[in-house]
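Peer 1: Curious how this folds, go ahead:
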Amino acid sequence: MKAHLFESLRGFRPGWLPSDLVAGAMLAAIAIPEQIATSRLAGMPVQTGLYAFAAGSLAFALFGRNPYLSAGADSTISPIFAGGITALAVGVAAPYPQLVGVVALMAGIALVLAGALRAGWIADLLSIPVTIGFLAGISAHIVIGQLPSILGVPASSGPLTVELAGLVRDVPHANLATLSIGIGVLLLTMVAERVSPRIPGALLGLVLAGIAARVLEQNAHGVTVLGTLPATFPHLAFPLVDAHDVLRLVPIALVIALVCMVQTSVVLRSFPSNPDAPEDPSRDFAALGAGSIAAALLGAFAVNASPPRTAVVAASGGRSQLSSIFAVAAVALLVALGAKLAAYLPLAALGGVLVFVGFRIFRAGDILRIARSGGYEIWLVVAAGLLVVVLPIETGMVLAIVLSLAHGIYIIARPPSTDLVRVPGTTIWWPPNETPGERVRGVLVFAPLAPIAFTNGQYIVGRLRALVAAAPQPLRIVVLEGSGVIDIDYTGSRLLCSALSDLRARGIVVCMARLSDDRARAAAERTGLFAELGPGRDFKSVHDALLALNPACLTTG
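Peer 2: Okay, the predicted model is just below:
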């Protein structure tokens, strides 16, 4: 992976500057309230979200390739590391911000390594139903976690179910002024996005909420405000914790890195650098990792690619990462000149913004589509969501990843393996449940539609034996139709060779047809499968095989 700096600006033309300025202004208007709110979600000082946005944006502009991607504090990963670190913090001497910084540093290093090793395939380990399920679980954590701020009641500590029970108990004691501010900001943000994603509804909501809090004299009405932001810029510092604590934080960092890779891959597919060429995510993984490392050194937390902010850049006409650089300049101006304005910002308003973010993470449309498609995958959505909701969030995330891997292994371990029938009047052989067909007397055409490996060899051979036993007798020829076989490992080959030897001992002729994949053919040669079949038993098609072995069967059918 060649490291060309500012590759995201390649091909820049002066005529793009006005569009990038407009996109940068829109990005800043969307990002500022979101980054401040995400800081609270992460349990960190408010200004650290702005630091994370600056670190992620500048690092991506420097090292990344995609011209649209917006990196910064993200509500998807913040609950994961916040919940995980809080659960581990008992008995740990290091302060919470230091632990957060170490997680950001390790997640960043993992992303840089993934980019250097061109490990973009790792992002495919999470299936879409499992991803949508754990996002629904994170959405529940965000929404329930922010309701105390909106209601103006004390937050309960403990599992999400305990927090929910506490909310139900405290609803009668809600502060009407706080509730009105939170719901007002939420509704304004939702309506603004419905009208146009380019309208900074969250920013407008926070401004109006600040004015309302000032007019209402918030202290008299029990409205809690954020407080003045420090009007200082961050300084570089390396987060240091005990080596034993570092080891305990490694699983959280790896989960964060994996989620970042998945979300970044989604963003890159949705907003590719070049629509006419496949997107290689490796370079952008490394750039995102550099952003997390920079954020850790600035005292902030891990960063991630943001689908909605990236959509804003693209919709506003942004052509390069200059839009993100302009947005960072706007954030710096806010810190320098407008830090005192946060003294009037109600926490309920930030809660409203975060509830909106939680609703946006919940992919209701995708869940309905999966449910309507039938099959068992809707239960993967439900299971992944429940794991994240019922268990500690970091444990639920790990188990959701395991669930996705188990789902993939199950698909490989139980592949479609069927007999084929001949389409009348043709030389085409096809599965019997998809088309009317005819069987040829004395012939079984068997098609394993997967790699033949240690994970599924016993199952495939078992299907072959069952179909042989069920076939009309006498059975004279078995053709292995290999168009769906893309690889054969040693275990799978040995199991299949044993079955073929048994068939030959019964006087049945066995051959291979349509094993076209180069890797599968090389494996069949290397593992002895072709030797077991014998010379002259490898054909280009089923028709060629039957024509060579028993042409009479093709005419008598």
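Peer 1: now the strands for the stretch 401-550 of the chain?
Peer 2: Remark: strands assigned in the stretch 401-550 of the chain by DSSP state E, counting those that start in this stretch are 417-419, 421-422, 429-430, 443-448, 477-481, 509-513, 538-539.
Peer 1: starting at the chain centroid, how far to the last one?
Peer 2: Read that as strand 538-539. How far strand 538-539 lies from its chain's middle: 42 Å, per CA atoms, centre = their mean, to the nearest Å.
Peer 1: do the same with the fourth one
Peer 2: For strand 443-448, the separation from the chain centroid amounts to 38 Å (computed by CA atoms, centre = their mean).
Peer 1: Disregarding flanking residues, what is the spatial nearest neighbour of R504?
Peer 2: Spatially, and ignoring its direct neighbours in sequence, R504 is nearest to V510 (6.1 Å; CB to CB, 6 or more residues apart in numbering). No exception for glycine: its C-beta is placed from N, CA and C like everyone else's.
Peer 1: Would you tell me which of the strands of the stretch 401-550 of the chain gets closest to A522?
Peer 2: Of all these, strand 538-539 sits nearest to A522, with 13.1 Å by CB to CB.
Peer 1: I'd like the average pLDDT over the closest one.
Peer 2: For strand 538-539, mean pLDDT rounds to 94.
Peer 1: The nearest residue to L495 once chain neighbours are set aside - how many residues pack around it?
Peer 2: Leaving aside its sequence neighbours, L495 sits nearest to G457 (CB to CB, 6+ apart; 4.0 Å). By the measure other CB atoms under 10 Å, the count of residues near G457 is 24.
Peer 1: Kindly report the same for G437.
Peer 2: 17.
Peer 1: now do P472
Peer 2: Residues within reach of P472, counting by other CB under 10 Å, total 10.
Peer 1: Report pLDDT for it.
Peer 2: 88.
Peer 1: That one touches R441, doesn't it?
Peer 2: Yes - between P472 and R441 there is a contact under CB atoms under 8 Å: 7.0 Å.
Peer 1: least trustworthy helix or strand in this structure by mean pLDDT?
Peer 2: helix 218-221 (a mean of 56; mean pLDDT, DSSP states H and E).
Peer 1: quick one: buried residues of the helix or strand just after that one?
Peer 2: Following helix 218-221 in sequence order, the next helix or strand is helix 243-270 (DSSP states H and E). Applying a neighbour-count criterion of 16 or more other CB atoms under 10 Å, one finds 245-246, 248-249, 252-268 buried in helix 243-270.
Peer 1: Just the CA trace of the helix or strand harbouring L58, in CSV.
Peer 2: In this assignment (DSSP H and E), L58 forms part of helix 46-63. C-alpha atoms of helix 46-63 as CSV (Å, rounded to 0.1, in the frame of the first residue of the first chain):
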residue,chain,number,x,y,z
VAL,A,46,-17.6,18.0,25.9
GLN,A,47,-14.6,19.6,24.0
THR,A,48,-13.1,16.1,23.4
GLY,A,49,-15.7,15.4,20.7
LEU,A,50,-14.6,18.5,18.8
TYR,A,51,-10.9,17.4,19.2
ALA,A,52,-11.9,13.9,17.9
PHE,A,53,-13.6,15.5,14.9
ALA,A,54,-10.5,17.7,14.1
ALA,A,55,-8.1,14.7,14.5
GLY,A,56,-10.2,12.3,12.4
SER,A,57,-10.9,14.9,9.7
LEU,A,58,-7.3,16.1,9.3
ALA,A,59,-5.8,12.6,9.5
PHE,A,60,-8.2,11.4,6.8
ALA,A,61,-7.5,14.3,4.6
LEU,A,62,-3.8,13.7,4.9
PHE,A,63,-3.8,9.9,4.5
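Peer 1: on contacts alone, who are the packing partners of that helix?
Peer 2: Contact analysis of helix 46-63 by 3 or more CB pairs under 8 Å, 6 or more residues apart in numbering; DSSP states H and E lists helix 17-41, strand 71-72, helix 282-297, helix 322-337 as its packing neighbours.
Peer 1: Which of those sits closest to L515?
Peer 2: For L515, the closest of these is helix 282-297, at 32.3 Å, according to CB to CB.
Peer 1: okay, the angle between that closest one and helix 46-63?
Peer 2: 150 degrees (axes from the mean of the first three to the mean of the last three CA atoms, to 10 degrees).
Peer 1: circling back to that earlier point, which of the helices and strands packed on helix 46-63 has the highest mean neighbour count?
Peer 2: strand 71-72 (a mean of 32; mean count of other CB atoms under 10 Å).
Peer 1: Return the list of strands paired to that strand, each annotated with direction.
Peer 2: strand 304-305 (antiparallel) (DSSP bridges).
Peer 1: Can you tell me what sits against the strand it pairs with?
Peer 2: Strand 304-305 is contacted from outside by 56, 69-74, 76-77, 259-260, 263-264, 267-268, 284, 288, using CB atoms under 8 Å, 6 or more residues apart in numbering.
Peer 1: Look at the residue most central in space within the chain and report its pLDDT.
Peer 2: Nearest to the geometric centre of the chain sits V262, at 3.1 Å (CA atoms, centre = their mean). As predicted, V262 sits at a pLDDT of 87.
Peer 1: Would you confirm that it contacts S127?
Peer 2: No - V262 is beyond contact range of S127, at 10.2 Å (criterion: CB under 8 Å).
Peer 1: Doesn't A212 lie inside a helix?
Peer 2: Yes - A212: assigned to a helix according to DSSP: H, G, I helix; E, B strand; the rest coil.
Peer 1: Which residue ranges make up each domain of the protein?
Peer 2: 16-409, 417-556 (automatic domain parsing).
Peer 1: wait, which of those is closest to L5?
Peer 2: Closest among those, once you apply CB to CB, is domain 16-409, at 5.8 Å.
Peer 1: ok, back up a step: now the domains of the chain in TSV, with distance to E7?
Peer 2: Listed next are those as TSV, based on distance: least, CB to CB, whole Å:
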stretch	distance to E7
domain 16-409	5
domain 417-556	33
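Peer 1: Give me whichever of those domains is most buried.
Peer 2: domain 16-409 (a mean of 21).
Peer 1: Redo the strands of the stretch 401-550 of the chain as a markdown table? Include distance to T395.
Peer 2: Putting those into a markdown table (distance: least, CB to CB, whole Å) gives the following:
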| stretch | distance to T395 |
| --- | --- |
| strand 417-419 | 36 |
| strand 421-422 | 49 |
| strand 429-430 | 46 |
| strand 443-448 | 37 |
| strand 477-481 | 45 |
| strand 509-513 | 47 |
| strand 538-539 | 51 |
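Peer 1: P159: which of the ones you listed is closest?
Peer 2: Nearest of these (CB to CB): strand 417-419, 44.0 Å.
Peer 1: which other helices and strands contact the closest one?
Peer 2: Partner elements for strand 417-419 (3+ CB pairs under 8 Å, 6+ apart): strand 443-448, helix 457-470.
Peer 1: do you know which of these lies nearest L500?
Peer 2: helix 457-470 (8.9 Å).
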